[in-house]
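J.: Structure for this input, please:
(4 chains)
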There are 4 protein chains.
Amino acid sequence: MINVTVYNEFLHERNNSAIAAIYPDGIHMCIKRFLETEDDISVSTVCVDDVAEKLTDEALKHTDVLIWWDHMAHERVPDEVAKRVQTAVLCGMGMIFLHSGHHSKPFRLLMGTTCNLTWREDGDFERVWVVKPAHPIAKGIGRFIYLEHEETYGEPFDVPEPDETVFVGGYERGEVFRSGLCYKRGNGKIFYFQPGHESFPTYKNPAVQTVIKNAVRWAKPDYRVDALVCPHVTIPDNG
Amino acid sequence: MINVTVYNEFLHERNNSAIAAIYPDGIHMCIKRFLETEDDISVSTVCVDDVAEKLTDEALKHTDVLIWWDHMAHERVPDEVAKRVQTAVLCGMGMIFLHSGHHSKPFRLLMGTTCNLTWREDGDFERVWVVKPAHPIAKGIGRFIYLEHEETYGEPFDVPEPDETVFVGGYERGEVFRSGLCYKRGNGKIFYFQPGHESFPTYKNPAVQTVIKNAVRWAKPDYRVDALVCPHVTIPDNG
Amino acid sequence: MINVTVYNEFLHERNNSAIAAIYPDGIHMCIKRFLETEDDISVSTVCVDDVAEKLTDEALKHTDVLIWWDHMAHERVPDEVAKRVQTAVLCGMGMIFLHSGHHSKPFRLLMGTTCNLTWREDGDFERVWVVKPAHPIAKGIGRFIYLEHEETYGEPFDVPEPDETVFVGGYERGEVFRSGLCYKRGNGKIFYFQPGHESFPTYKNPAVQTVIKNAVRWAKPDYRVDALVCPHVTIPDNG
Amino acid sequence: MINVTVYNEFLHERNNSAIAAIYPDGIHMCIKRFLETEDDISVSTVCVDDVAEKLTDEALKHTDVLIWWDHMAHERVPDEVAKRVQTAVLCGMGMIFLHSGHHSKPFRLLMGTTCNLTWREDGDFERVWVVKPAHPIAKGIGRFIYLEHEETYGEPFDVPEPDETVFVGGYERGEVFRSGLCYKRGNGKIFYFQPGHESFPTYKNPAVQTVIKNAVRWAKPDYRVDALVCPHVTIPDNG
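T.: Take a look at the predicted model:
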């Protein structure tokens, strides 16, 4: 069983009736539901109101893959929680950052850069093109995913050169964006996936759901440590 | 002085009057002319008719940067010339592959992959977006280069994960393509740049010219060897 | 079941009695035996005498992972066989190159570089250090593998910057060498592993065997195509 | 003129007479002196006592390359100074981290990992091997640099996969360590270089000095921005 925790700040859906109409019980519940159609995935959820209380070291230790969506309340995630998440990834936990999670505290801590980009909201359609058909995260996706409306994200995306670029998005009226990126940091695996603006039902798209399921399986740890150390060692012997 | 050699097969321009109208004396002469507006660049040219005779080891030794455009006559470049070019790059020569040079023999030898892509010719416009504004090859380019018409190249582009992705192109009716890619191989630097279909006056575009000038300066060797060796060594002493 | 094919030229073991004493029926049979202690691995072998006949497209299509050891007879592998192997990797087949396979034809084709290095044979011990403890290929290995005697390989190793450096070796009297390197090329995965000089019983070392078993599982394809194409496409619709 | 600032905490040299005997006026002054033998380099210095006061945004804006050495007082560098340095790098400033600077606050911020390693102090000699002879930072160095005594650093070194591995060190009694690593982050270039334990006169070694001079020239910015932004953009036009 892969233990997934979904963090969603859960504010837009409570503050805006149009968004509530799409995700009545929140983006996190939508993600939980489609992930739990898989027999090997079990999902817990956390929202901004209880993030400090629920996202403890203990909870992270029992999380195989943490999925992260936030947007208007990056700052309400306490610094110590963000560092805890960073540490959990370096210990081996898998992590998936969705959409505006590019500006979340843990993503910025893990990347070491601003993670800035350019953006506009004009209801453009997007095609998310597969760049690496053999990558396990692209399994089951054809040449591209078509999304009728998405927020437009554009380059330059200020992240370290990715280990692998799996998807590149192209938008109706112009921009392109490296929209599916893999990183290894410490013992953990990280996947950034751009689709998922709150105003559109992106997470109901079957191909988007497939990508997130694939990413969960790709990111789950098969090696994990309890603590990160910088050990004083002795002259090696050859036993 | 940077010694540049431009290889252009020079067939389309002689076989097709519409193309001849754009490049009357060939793509190579167009490139030669705009490069030679720079005081520090000197240009020789080679075409498919004389490639075996002119692209000798000696000529390559005196070439700092080789620019390569071919399309319909990849097979007319003899294997031994392609290997000679590969060896020159590994010794330290810089190299720029343009457009359909993605399928040239030397590019495939250096990449080790098919360099396949998807393509269509519908006269789409292209925007070539800057992904790495600080890269010397992007110097002087704004957010993107607009090309009124280009052949559409699409992903997946079967090349090794690049050292750096400098540009990503987006086309009018859909596709995206990693259109400016940097590689180091052996002691040499390689830049692949997608714009330049023979039917359009792409190499007359000032921004495209800037990119190629920048790439010449980036690729020129500051370290170069005469031969590639696999030496038998002795136990190191510490002198 | 993972179908592994082991190619070993099988010349040293027939020509030199000291080497025959270590590997009486050849390095390939030693590798076959330890791999087949695993329930999910099945092994065929090929030697230089029958490489052209046995390593057909059909045989490669049924090979999940090809392991390659050669040294004195690189040139006896026909060019078309080497290209066939390259193509199979780009289609998705996994591949493990051992020791002097760094100079094999298929490795050079896939890397695009000389794969030169420096070398000496002084019976030095080697420690193969784990650089990425979380990598699946390092699973079950402690800080390092100790090998009582190995041929010394030294830097510079003329290969493309690897996707991941899993091991770095250090030798008794000096040199260091990036000794475990991962590459993705096309749809396939490639692992280069330096230990395995024919004069020493390296492939009888349990930790070396563990690495090779791990590498087989890591390299086996979960995506594979029958042919490599550069398709002409049409304007994308959004069905 | 390349404006270099050298930060050295300057504590060991004041607290320990053996170290003071090597670097009477501090490691920073030793580095300043050898850098200033070059006509195109000008050096300022900062120590831990005045780091908050001197390493202002203004000072960083006028610094082309910041060199960083600290060890026992990482925590005395205020968080806001470390963030200021990180921001300056992302804006384009070059940065060189020396030796125990692997655990400095700015390096950890920029890498996003712990930067842990293994270590021991047994007075081993080290050979710093050149892995990429064509890299400008290795210019003028032969096969390796011999250092009679260095602190031993060992793998695993918990840093992101480097853009380029220029040097790998090997120590007398065993360990290996990726000792010269290049990264690009944002608009800036970063070089980590392992030699330089305070107890040994490493920075008086001419080859070490050459590496640091080379790294200064490699890291100096040719593109730099004043501020890091995430701009709201409009639908692109093609002017």
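J.: what's the neighbour count on A:Y146?
T.: Residues lying near A:Y146 (other CB atoms under 10 Å in any protein chain shown) number 17. For every residue, glycine as well, the C-beta is placed using N, CA and C.
J.: ok, which residues in chain A are in contact with chain D?
T.: By CB under 8 Å from any CB of the partner chain, the residues of chain A that approach chain D are A:86, A:90, A:103, A:109-114, A:116-120, A:122, A:154, A:158, A:160-161, A:163, A:173-175, A:183-186, A:228-236.
J.: Just the buried subset of the residues you listed, written out for PyMOL, thanks.
T.: Under the burial definition 16 or more other CB atoms under 10 Å in any protein chain shown, those of the residues of chain A next to chain D that qualify are selected in PyMOL by:
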select buried, chain A and resi 86+90+103+109+110+111+112+113+114+116+117+118+119+120+154+158+160+161+163+174+175+183+184+185+186+236
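J.: quick one: contacts for the residue nearest to A:P195 when sequence neighbours are not counted?
T.: Nearest residue to A:P195, sequence neighbours excluded (CB to CB, 6 or more residues apart in numbering or on different chains): A:T202, at 4.9 Å. Counting by CB atoms under 8 Å, 6 or more residues apart in numbering or on different chains, A:T202 touches A:H99, A:L147, A:E150, A:P195, A:G196, A:V208.
J.: Could you report the pLDDT at A:T202?
T.: pLDDT recorded at A:T202 is 98.
J.: Could you do the one 3 residues further on as well?
T.: At A:N205 the predicted local distance difference test score is 98.
J.: got a list of what it touches?
T.: A:N205 neighbours (CB under 8 Å, 6+ apart): A:I145, A:L147, A:P195.
J.: ok, now A:M29?
T.: Contacts of A:M29 by CB under 8 Å, 6+ apart are A:Y23, A:T45.
J.: quick one: low-confidence parts of chain A?
T.: Low-confidence segments of chain A, defined by pLDDT under 70: A:239.
J.: Pick out the residue closest to the middle of it.
T.: With distances taken as CA atoms, centre = their mean, the residue of chain A nearest its centroid is A:F97 (1.7 Å).
J.: Am I right that it is in contact with A:I190?
T.: Yes - between A:F97 and A:I190 there is a contact under CB atoms under 8 Å: 7.1 Å.
J.: what number of residues lie near A:G140?
T.: 10.
J.: Direction included, what does the lengthiest strand in chain A pair up with?
T.: In terms of residue count, the longest strand belonging to chain A (DSSP state E) is strand A:176-185. Partner strands and pairing direction for strand A:176-185 (DSSP bridges) are strand A:164-171 (antiparallel), strand A:188-193 (antiparallel).
J.: Serialize those to JSON lines and add fields for mean neighbour count.
T.: Converted to JSON lines, the strands paired with strand A:176-185 look like this (neighbours: other CB atoms under 10 Å in any protein chain shown):
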{"stretch": "strand A:164-171", "mean neighbour count": "25"}
{"stretch": "strand A:188-193", "mean neighbour count": "25"}
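J.: who wins for proximity to B:R224 among these?
T.: The closest of the strands paired with strand A:176-185 to B:R224 is strand A:164-171. By CB to CB, the value is 31.3 Å.
J.: Nothing else from me, thank you.
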